[in-house]
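Novice: Sharing a model that was predicted from the sequence below.
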Amino acid sequence: MTPAEAGAAGQLRGLTAAEVAERVARGQVNDVPVRSSRTTGEIIRANVLTLFNGIIGTLFAIILVVGPIQDGLFGFVIIANALIGIVQELRAKKTLDSLAVIGESRPTVRRDGVSSEVPTSSLVLDDLIELGPGDKVVVDGVVTEAESLEVDESLLTGEADPVLKHPGDQVMSGSFVVAGGGSFTATKVGREAYAAKLAEEASRFTLVHSELRNGISKILKYCIILMIPAAIGLIISQLVVERADTFEAIRRMVAGIVVMVPEGLVLLTSVAFAIGVIRLGRQQCLVQELPAIEGLARVDVVCLDKTGTLTEGGMDVAELRMLDGAGSDEAHLRQVLGVLGQSDPHPNASLRALINAWPAPEGWHCTDPIPFSSARKYSGATLHSPGGPAGTWLLGAPDVLLPAGHPALAEVDGLNAQGLRVLLAGRAEEPAGTEAVSPVALIVLEQRLRPEAADTLRYFAAQNVDAKVISGDNAVSVGAVAMKLGLPGADRPVDARKLPTDPGELATAVERGTVFGRVTPQQKREMVGALQARGHNVAMTGDGVNDVLALKDADIGVSMGSGSEATKGVAQIVLLNNSFATLPSVVAEGRRVIGNIERIANLFLTKTVYSVFMAFAVIISQVPYPFLPRHLTLLSALTIGIPAFFLALAPNRERARPHFVRRVMRLAVPFGLIAGAATFTTYLLARSYYGATEATRTAETSAATLTLFLLALWVLAIIARPYTWWRIALLAAMCAGFLTVLVTPWLQTFFALNLSGLAMPWAAVALAGAGIVGLEAAWRIIPRYWPDLPTSPH
């Protein structure tokens, strides 16, 4: 053996254990960041180092100086909130990280001549990595071996056609194999790889692109804009009004500012998402990008690949049907089919069915293999039998290999109408062409329907989500399968080869149709784009390499855990249990998060509006602020904080809608103004009734507190509709909590609440009643002018 041959042979054996250890020691390892989660430090910082925590912390420090401690209760609430947020997000991180290990890509690496699967993070420079259909190219490299190796680089370059690779050609991380096989030597690993930086930026666990989170950020921005002038005016006003008692002025100034801060809104949003991740994790559902929980809830069209989604991946040979004039006996054909099955080193489900039915005979070998690809819809090879002449055979879709109108196609249509998959075996002049195929036989395959598919399709129909089946198989066969599952419109399947190419006409055709067959990977992508252009939120599910482009472009991509590495790599959600029935749970979690955060956002923003209103009213009226911090801490806990935790985690089946901020503002602003006006009116009336002296201040504050509690409780009652037993119990418990404070002497002293006499307390109740009438009127009238508001959340 020459030195060059020895070097080539060594290269094909891969690295030795010593060479791997040497590269690990040098740090030449594929140390890419974990996609699924933030670090513990990032989680702690995100929950502690926030603008509002800074504001609250400063005010808490002020109260610790001026006292008493009961006016600093809000500080302990913030500490508890931060701890709850950290604990829940760490639980979510643990769930995500454990699931990510299960769903992690494990490329096959050849070391010391032995092939084995290793974690992506264990790859080192110069590793020899094997490739097959559906495999991701996880690091940059140079092709070492190639057997009809076709690589799709469209996710990197935008070029739709697969590239045929030869030894010596470069492959880039982020591309994937669509046909054939081979191996490549890693030349760049870790953050040096072509797609690593892009993946690090685009795939990090984040809420940045969440419409819900963006809406909350906008709401918080409005709050800050309102808070700044109100807080400055309140500070000046209280120091001027309370000149005799600076500490009292400071306490009331702090009360006015603290109540403006919607501190729990961000916390509850994070907690709601985190608990959603934990719940889905228990069902073996890996959420690779957190906003995907929210995104799937906004979906109104779900595109389904048939194979692997509606049907299980495996198939069984039902029948071998010889065609008239085939010129070949069945025994010989069975041998041919066994060899064709073995000719592809990476067989798909159809070829595996042939391998299981007809093992390859001894002594045969093949040359010029053409691996199957979704774009071609056939495979082939030149077969050499022992002592016999060579012959070229093709195996694939009958309507692709045969011209339109061929007599055999009528027989195929009848089988397709029964939901069977049909392959044609035929002789050809040469492997590369289908012009002169002599049909020999039809191979009839039975597809195994997923038992949960029918119920899942019914769920989507009940939720007004259109389901569309987009498959590369024969349209009639796909329609028959969909009909067995009860999908409306499945009796009118569409052959995608007849779809218009004009984007507008394509969008119309896709909107009207339900079942599409003979769809190429590029067409799947175009169909998703056409639906999005019409304003639809589109989810795409699939497990094969032909689904990758559509999954990447869809608003939400969902992959099966058994799917190809490329498919799992681009999907936001991976169903590790391979159960289509998990999708309704993901939708339900998203709807729960969005619908409930919208509810509690109304509570928090209502509080901000009425607090800002009262701050400006105090500034204009030049009177002491009505409340101490302890009063507003009590009211916030009973009418917002405690109920919001229960409401945020409750079931909610309403489909998510856009314009989150607008819907919340249109309810919270009038609610807050009504509550603020009624409360301040009660306060002014009480000051007039009691005499507005230092001795009567507790009575004045108590009357205003009673009015505000009743109005805030009624806002909660409106937001909690429609009522269930636990929601009624929640309202009753909050009411009982406030009454307990009013009738328990030591709590009266602690919270500085004492309703004096009968006239003023009843006047406070009457003014609250008038405010309640206003709240109900706003709830009923506003939706008439802005119909997108939720009149009765479910």
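Specialist: That came through fine.

Novice: in this structure, which residue is closest to the centre?
Specialist: residue 292 (1.3 Å; Cα atoms, centre = their mean).

Novice: Which secondary structure element is home to that residue?
Specialist: helix 291-298 (DSSP states H and E).

Novice: Residue 61 now?
Specialist: helix 51-66.

Novice: do residue 12 as well
Specialist: Taking DSSP H and E as the definition, residue 12 sits inside helix 3-13.

Novice: Ramachandran coordinates for residue 84?
Specialist: Per-residue torsions, residue 84: phi -60, psi -50 (degrees, to the nearest 10).

Novice: what's the closest non-adjacent residue to it?
Specialist: Nearest non-adjacent residue to residue 84, counting by Cβ to Cβ, 6 or more residues apart in numbering: residue 271, 6.6 Å away. In short, each C-beta sits where N, CA and C put it, glycine included.

Novice: do residue 130 as well
Specialist: residue 108 (4.3 Å).

Novice: Could you give the number of residues near the one you found?
Specialist: Counted with other Cβ atoms under 10 Å, residues neighbouring residue 108 total 15.

Novice: these two touch, right, it and residue 116?
Specialist: Yes - the pair residue 108 / residue 116 is scored as a contact, 7.0 Å apart, by Cβ atoms under 8 Å.

Novice: that older thread, contacts made by the helix or strand following the helix holding residue 292 with the rest, please.
Specialist: As assigned by DSSP H and E, the chain's next helix or strand after helix 291-298 is strand 301-304. With contact meaning Cβ atoms under 8 Å, 6 or more residues apart in numbering, strand 301-304 is reached by 310, 460, 465-470, 524, 527-528, 531, 536-542, 550, 554, 583.

Novice: Now tell me which helix or strand of the chain has the poorest mean pLDDT.
Specialist: The helix or strand of the chain with the poorest confidence is helix 196-202; it has a mean of 46 (mean pLDDT, DSSP states H and E).

Novice: For the closest residue to residue 277 other than its chain neighbours, pull up the helix or strand it's in.
Specialist: Take residue 277 and drop its neighbours on the chain: the residue closest to it by Cβ to Cβ, 6+ apart is residue 92, 4.2 Å away. Residue 92 belongs to helix 73-103 when assigned by DSSP H and E.

Novice: Neighbours of residue 176, how many?
Specialist: Neighbours around residue 176, by other Cβ under 10 Å: 26.

Novice: oh, I was asking about residue 429
Specialist: Residue 429 has 12 nearby residues by other Cβ under 10 Å.

Novice: so the closest residue to it other than its chain neighbours is in which element?
Specialist: With Cβ to Cβ, 6+ apart as the criterion, residue 429 has its nearest non-adjacent residue at 4.9 Å, and that residue is residue 436. Per DSSP H and E, residue 436 falls between elements, in no helix or strand.

Novice: Low-confidence ranges, the stretch 501-650 of the chain, go.
Specialist: 545, 564-566 (pLDDT under 70).

Novice: Let me see the contact set for the nearest residue to the residue nearest to the centre of the chain once chain neighbours are set aside.
Specialist: Of all residues not flanking residue 292 in the chain, residue 572 sits nearest, at 3.7 Å (Cβ to Cβ, 6+ apart). By Cβ under 8 Å, 6+ apart, the residues touching residue 572 are 287-289, 291-292, 295, 556-558.

Novice: so where's the longest helix in this protein?
Specialist: helix 583-621 (DSSP state H).

Novice: and the next helix-or-strand element following that one with helix 51-66, angle?
Specialist: Later in the chain than helix 583-621, the nearest helix or strand by DSSP H and E is helix 629-636. Relative orientation of helix 629-636 versus helix 51-66 (axes from the mean of the first three to the mean of the last three Cα atoms, to 10 degrees): 140 degrees.

Novice: number of nearby residues for residue 491?
Specialist: The burial count for residue 491: 12, using other Cβ under 10 Å.

Novice: Surely residue 409 touches residue 399?
Specialist: Yes - using Cβ under 8 Å, residue 409 is in contact with residue 399, at 6.3 Å.
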